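*Asks:* give the three-dimensional model of this entry:
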Amino acid sequence: QVQLQESGPGLVKPSQTLSLTCTVSGGSITTNYYYWSWIRQPPGKGLEWMGAIAYSGSTYYSPSLKSRTSISRDTSKNQFTLQLRSVTPEDTAVYYCAARDYSGTYYSPDEYDYWGQGTQVTVSS
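*Replies:* Residues are numbered from 1 along each chain as shown. The predicted structure is shown next:
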């Protein structure tokens, strides 16, 4: 059973970079044929897929966030990381890491099978 756990700061100042790490257990980010994604949910809104890194290392980004987002991985630690640059208060949300098998689409949050518990990130000065 794949398990995911988000970690990172809960408060980020405007214009700074938000960095979150997802630690994976019960599976491998390189040998499980999965998409490993970041998904967020702003207060009062639905889930928003942000981007993914595949088992192969290929990355995919939401067009609306592509210019500010980077996803990378540390295979030695079985972790993948989100960086969101130039944050504003509109980036305040609960951030989730999630995984689904490689056979389906990567941009639909509803199709993800495994989820972390989520971490609240607030952007405020």
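*Asks:* neighbours of the closest residue to P89 other than its chain neighbours, just the number please.
*Replies:* Once flanking residues are discounted, P89 sits nearest to V123: 5.0 Å by CB to CB, 6 or more residues apart in numbering. Where you see a C-beta, it was placed from the backbone N, CA and C, and this is true even at glycine. Residues within reach of V123, counting by other CB atoms under 10 Å, total 19.
*Asks:* look up how far E48 lies from V123.
*Replies:* 15 Å (CB to CB, to the nearest Å).
*Asks:* tell me the predicted confidence for R85.
*Replies:* pLDDT, R85: 98.
*Asks:* quick one: it from G27, how far?
*Replies:* Counting by CB to CB, the gap from R85 to G27 is 29 Å.
*Asks:* next one: Y96
*Replies:* In terms of CB to CB, Y96 sits 17 Å off from G27.
*Asks:* next: V2.
*Replies:* 4 Å.
*Asks:* ok, E111 next?
*Replies:* 17 Å.
*Asks:* so between these two, which is more surrounded?
*Replies:* Set side by side, E111 and G27 show more neighbours around G27, with 18 against 14, by other CB under 10 Å.
*Asks:* in a strand, that one, correct?
*Replies:* No - looking at G27 with DSSP: H, G, I helix; E, B strand; the rest coil, it is coil, so not inside a strand.
*Asks:* give me the pLDDT for it.
*Replies:* So G27 comes in at 93 (pLDDT).
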